[in-house]
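Chemist: The sequence and its predicted three-dimensional model are supplied below.
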Amino acid sequence: MNSPGFGAGFGPGGPFLGGRKRGRGDTRAAIVALLAEQPMHGYQIMRELGQRSGGEWRPSPGSVYPTLQQLEDEELVEQQADTGKRIFALTAAGRTLAEQATGEAPWEQADAEAGGDSSALHDLAYQVLGATEQVVRAGTPEQVRQARALLKETRRGLYRLLAEADEDEAAPTA
């Protein structure tokens with residue numbers, strides 16, 4: 001049985017902890033921006049985007065590799081030979097495209113869209129999960145019961161917070 005945090009939709013970057021899917025344009029712009037800094041292989045690109053977005057954006061191979069192929073078809077990216085890995089680098093046309101980019105980098109938008117403090121909220125959620133696991137392992141039956149009640153109230157409070165925001169948006173303005 002999977003422990004909490006590892007099921008479908010519950011891992012880092014999943015909807016449970018605020019992960020967001022990015023559009024193809026975001027992935028494309030991010031790849032071009034990263035390759036403007038240095039040539040990289042696909043998994044290196046995925047890792048960099050995850051790190052630079054504070055874990056908010058973790059693109060999959062299913063989004064990165066087709067985008068790299070498209071950029072290669074458009075002659076904006078080319079493969080370089082390197083110890084058996086497929087290393088991608090910008091062509092002259094790709095460097096021109098990167099130089100024309102304006103605004104903040106796509107990975108910087110991920111944290112801002114999530115409220116600007118999402119990494120801290122993720123960290124706290126994982127700390128609560130760790131504390132919960134400790135109570136389950138080492139707590140008395142009464143402590144487990146109290147922890148369950150506390151977590152239920154916390155969950156309700158979070159949903160109330162969202163409901164209040166929805167009510168504020170739906171309220172007619174004078």
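Modeler: That came through fine.

Chemist: Quick check, pLDDT for residue 72.
Modeler: The model reports residue 72 with a pLDDT of 94.

Chemist: That one: what's it in contact with?
Modeler: 78, 79, 88 (CB atoms under 8 Å, 6 or more residues apart in numbering). To be clear about C-beta, it is placed using only N, CA and C from the backbone, and glycine gets the same treatment.

Chemist: starting at the chain centroid, how far to the longest helix anywhere in the chain?
Modeler: The longest helix of the chain (DSSP state H) is helix 141-170. In terms of CA atoms, centre = their mean, to the nearest Å, the centre of helix 141-170 is set 24 Å apart from its chain centre.

Chemist: now it: mean pLDDT?
Modeler: According to the model, helix 141-170 has a mean pLDDT of 87.

Chemist: tell me what that helix is packed against?
Modeler: helix 118-138 (3 or more CB pairs under 8 Å, 6 or more residues apart in numbering; DSSP states H and E).

Chemist: Look at the nearest residue to residue 67 once chain neighbours are set aside and say how many residues are nearby.
Modeler: Counting by CB to CB, 6 or more residues apart in numbering, residue 67 lies nearest to residue 27, which is 5.0 Å off, once chain neighbours are set aside. Residue 27 has 23 neighbours, counted by other CB atoms under 10 Å.

Chemist: By mean pLDDT, point me to the weakest helix or strand of the protein.
Modeler: Within the chain, no helix or strand scores below helix 106-113, which has a mean of 64 by mean pLDDT, DSSP states H and E.

Chemist: mind checking which helix or strand residue 88 is in?
Modeler: Residue 88 belongs to strand 85-90 when assigned by DSSP states H and E.
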